[in-house]
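> Sequence and computational prediction follow.
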Amino acid sequence: MTEDLRISLRDVGVRFDVSARQDSLKATVLNAFRPGRTEKRERRIVHALKGVTLDIEHGERVGLIGLNGAGKSTILKVMAGIYPPTSGEAMITGHVSAMFELATGFEMSQTGWDNIRIRGMLLGLTPTQIEERIHQIAEFSELGEFLDYPVKTYSAGMFIRLAFSVSTAINPEILLLDEVMGAGDVQFANKAKRRMHEFMEQGKILVFSSHSLEMLASFCERVIWMRKGEIVMDGPAKIVLTEYESKAGQ
């Protein structure tokens with residue numbers, strides 16, 4: 001395990017070009033009735049992150065909170081290396097395992113067993129390592145005979161069971177979670193919480209985005225409040241969550 005685990009963001013900005021493309025069927029049909037005229041492409045830039053600077057050190061448990069569109073998912077994807085910063089610098093030391101959208105990394109027509117293997121390889125395991133852990137992963141998921149079925153037949157809760165079981169079985173050094181626990185049933189959620197506490201006791205890094213103040217208070221000692229791509233407040237969980245709750249929606 002890397003001893004000096006660290007997430008360091010320096011003045012990180014992320015911009016997306018969400019320009020409305022006017023080459024849709026509607027535009028094509030309208031242009032057919034207006035010879036010589038074409039619909040112009042409207043250029044629109046969204047600043048998902050604006051000059052974010054932060055450090056997360058070895059052993060920290062950090063929560064992210066904010067309204068939809070605050071930049072929580074974007075900052076997690078920067079930490080995971082999915083989104084490169086448009087400006088600034090992101091430096092990550094340690095092996096990262098991330099759980100974001102439920103269907104990410106799933107092959108919908110393949111069985112649960114096949115998807116354990118696929119997700120394991122996406123997370124950096126070798127085929128031999130996957131086979132050594134596959135029955136442990138299956139047992140933790142409690143999906144039983146459903147592992148023989150295509151995952152397109154799975155409910156959201158079953159996706160959670162499978163994804164969480166694989167993602168935490170690789171013993172990651174940095175675990176990034178984005179609103180993934182809400183879809184599971186209570187029994188599995190409690191089991192997942194125990195595994196997360198075991199993970200945290202090993203002194204690794206956890207960054208967890210959620211709208212649940214209760215879950216953030218339970219798992220995180222530090223909380224970062226985000227709004228419109230910027231950090232509003234960064235500090236002890238109890239203080240930040242109390243302030244956020246008193247000013248939610250502002």
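The structure has been received and is ready for your questions. Not measured: the values here are computed from a predicted model.
> And the lowest mean pLDDT element among the helices and strands of the protein?
helix 25-32 (a mean of 57; mean pLDDT, DSSP states H and E).
> And the next helix or strand past that one?
strand 45-57 (DSSP states H and E).
> by contact count, what packs against that next one?
strand 6-17, helix 72-79, strand 87-93, strand 205-209, strand 230-236 (3 or more CB pairs under 8 Å, 6 or more residues apart in numbering; DSSP states H and E). Any C-beta I mention is one placed from the backbone N, CA and C, and that applies to glycine too.
> so which of the ones you listed comes closest to Val46?
Proximity to Val46 (CB to CB) singles out strand 6-17 among the helices and strands packed on strand 45-57, at 4.7 Å.
> Now do that closest one against strand 45-57: the angle between them, please.
Note on geometry: by axes from the mean of the first three to the mean of the last three CA atoms, to 10 degrees, strand 6-17 and strand 45-57 are set 180 degrees apart in direction.
> how about strand 6-17: buried residues?
Using 16 or more other CB atoms under 10 Å as the test for burial, strand 6-17 gives Arg6, Ile7, Ser8, Leu9, Val12, Gly13, Val14.
> which residues does the third one contact?
With contact taken as CB atoms under 8 Å, 6 or more residues apart in numbering, Ser8 is in contact with Leu54, Asp55, Ile56, Ala90, Met91, Ile92.
> Of those, grab the buried ones for PyMOL.
Per 16+ other CB under 10 Å, the buried members of these correspond to this PyMOL selection:
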select buried, resi 56+90+92
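> out of the contacts of Ser8, who's nearest Ile134?
Ile92 (28.0 Å).
> who touches stretch 206-225?
7, 54, 56, 60-66, 72-73, 76, 79, 174-179, 181-182, 193, 196, 199-200, 231-238, 240-241, 243-245.
> chain center to it: distance?
13 Å (CA atoms, centre = their mean, to the nearest Å).
> What of stretch 136-150?
23 Å.
> got it, and stretch 235-249?
With CA atoms, centre = their mean, you get 22 Å for stretch 235-249.
> picking that back up, among the buried residues of strand 6-17, which one sits closest to Met158?
Ile7 (30.8 Å).
> beta partners of that closest one?
Beta-bridge partners of Ile7, counted by DSSP bridges, are Ile56, Ile92.
> my read: Ile170 touches Gly124, true?
Yes: taking contacts as CB atoms under 8 Å, Ile170 lies within contact range of Gly124: 7.0 Å.
> And the two? Which one has more around it.
Ile170 (19 against 12; other CB atoms under 10 Å).
> Report the contact partners of the nearest residue to the more buried one once chain neighbours are set aside.
In this structure, Ile170 finds its nearest non-sequential neighbour in Leu123, 5.1 Å apart by CB to CB, 6 or more residues apart in numbering. Counting by CB under 8 Å, 6+ apart, Leu123 touches Ser97, Val166, Ser167, Ile170, Pro172.
> do the same with Gly124
Gly124 neighbours (CB under 8 Å, 6+ apart): His95, Ile170.
> and if you look at the one 5 residues further on?
The neighbourhood of Gln129, defined by CB under 8 Å, 6+ apart, consists of Gly120.
> Any stretches of this protein with poor pLDDT?
1-3, 19-43, 101-105, 180-185, 248-250 (pLDDT under 70).
> Columns distance to Leu147 on top of the helices and strands packed on strand 45-57, output as JSON lines?
JSON lines is the format used below for the helices and strands packed on strand 45-57 (distance: least, CB to CB, whole Å):
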{"stretch": "strand 6-17", "distance to Leu147": "34"}
{"stretch": "helix 72-79", "distance to Leu147": "28"}
{"stretch": "strand 87-93", "distance to Leu147": "32"}
{"stretch": "strand 205-209", "distance to Leu147": "27"}
{"stretch": "strand 230-236", "distance to Leu147": "41"}
